[in-house]
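[1] Sequence first, predicted coordinates after that:
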Amino acid sequence: MARSGRSSLVPEAREALNRFKMEAAGEVGVTLKQGYNGDLTARQAGSIGGQMVKKMIQAYEQGLK
C-alpha cells in the first residue's frame with residue numbers, strides 16, 4: 001500500500017516540525033494560525049521556509065564544531 005506524502009511515520013515529528021515552523025514565522029514577523037494558512041503570500045511562505053533552512057544549516061554547522 002502506498003503512503004501519502006502527508007503522512008508521517010513518527011507523529012511526534014510532525015508536531016515538532018509545526019512548532020519549528022511557528023517559531024521561524026515569528027522570527028520573520030509572519031503570524032500563523034493553527035491549521036490551514038492558505039492566505040499567506042508567496043513572499044511570506046518563502047520567508048518562513050528560508051528562515052527554517054537557515055536555522056537548520058546553523059544547527060548542522062554547530063554540530064560539526
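    Nice, thanks for sending it over.

[2] Spatially central residue for this structure, please.
    Lys21 (3.3 Å; C-alpha atoms, centre = their mean).

[3] Find the helix or strand that it is a member of.
    Using DSSP states H and E, Lys21 sits in helix 11-27.

[4] which residues are contacting that helix?
    Ser8, Thr31, Leu32, Ile48, Gln51, Met52, Lys55 (C-beta atoms under 8 Å, 6 or more residues apart in numbering). Where you see a C-beta, it was placed from the backbone N, CA and C, and this is true even at glycine.

[5] Tell me the helix or strand right after that helix.
    Downstream of helix 11-27 (by DSSP H and E), the next one is helix 42-64.

[6] elements contacting that following helix?
    helix 11-27 (3 or more C-beta pairs under 8 Å, 6 or more residues apart in numbering; DSSP states H and E).

[7] buried residues in the helix it packs on?
    Lys21, Met22, Ala24, Ala25 (16 or more other C-beta atoms under 10 Å).

[8] Give me the mean pLDDT for it.
    For helix 11-27, the mean pLDDT works out to 93.

[9] what angle do that helix and helix 42-64 make?
    Relative orientation of helix 11-27 and helix 42-64, computed by axes from the mean of the first three to the mean of the last three C-alpha atoms, to 10 degrees: 110 degrees.

[10] Any chance of the buried residues of helix 11-27 in CSV with distance to Arg14 as columns?
    CSV is the format used below for the buried residues of helix 11-27 (distance: C-beta to C-beta, whole Å):
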residue, distance to Arg14
Lys21, 10
Met22, 13
Ala24, 16
Ala25, 16
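
[11] how close does the residue nearest to the centre of the chain sit to Ala42?
    According to C-beta to C-beta, to the nearest Å, Lys21 and Ala42 sit 16 Å apart.
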